[in-house]
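[1] Structure for the following, please:
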Amino acid sequence: MSKYHVGDRVVVVKNWPPNRAARQNPEGFMDQYLDTIVTIDCMDYGDLYRIKEDRHCWLWNDHCFVGLAVDISEPEFFNMLS
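    Got it, this is the predicted structure:
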């Protein structure tokens, strides 16, 4: 079962796991997405993701992401502080 769903905004890890569990591209082409927020656009092979930002170029898995990104509007943020 997939951890994330189409439409989810997720945070990409800051660094690739040392055991290559993320199965990132060894030439570093996926590195530009490290520590960014991306959007899951579709699923492949049942448990792999395609993201909008790379135009479905790479396959991503659960090890590539830290978790869901939470979008908070500026007024909501300031209300939380008060």
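[2] And L34, how far from G46?
    25 Å (CB to CB, to the nearest Å). To be clear about C-beta, it is placed using only N, CA and C from the backbone, and glycine gets the same treatment.
[3] Neighbour count for those two, which is higher?
    Comparing L34 with G46 by other CB atoms under 10 Å, the one with more neighbours is L34, at 14 against 7.
[4] in the sheet, who's paired with L48?
    Under DSSP bridges, the beta-bridge partners of L48 are D44.
[5] List the residues that contact it.
    Residues near L48 by CB atoms under 8 Å, 6 or more residues apart in numbering: 59-61.
[6] What of N15?
    Applying CB under 8 Å, 6+ apart, the residues contacting N15 are L34.
[7] pLDDT score for it?
    What the model reports for N15 is a pLDDT of 95.
[8] distance of it from A22?
    Distance from N15 to A22, by CB to CB: 10 Å.
[9] Ok, E53 next?
    Distance of E53 to A22, given as CB to CB: 16 Å.
[10] neighbour-wise, which of those two wins?
    The neighbour count for E53 versus A22, taken as other CB under 10 Å, is higher for A22 (18 against 14).
[11] Now stretch 26-33: buried residues?
    30, 33 (16 or more other CB atoms under 10 Å).
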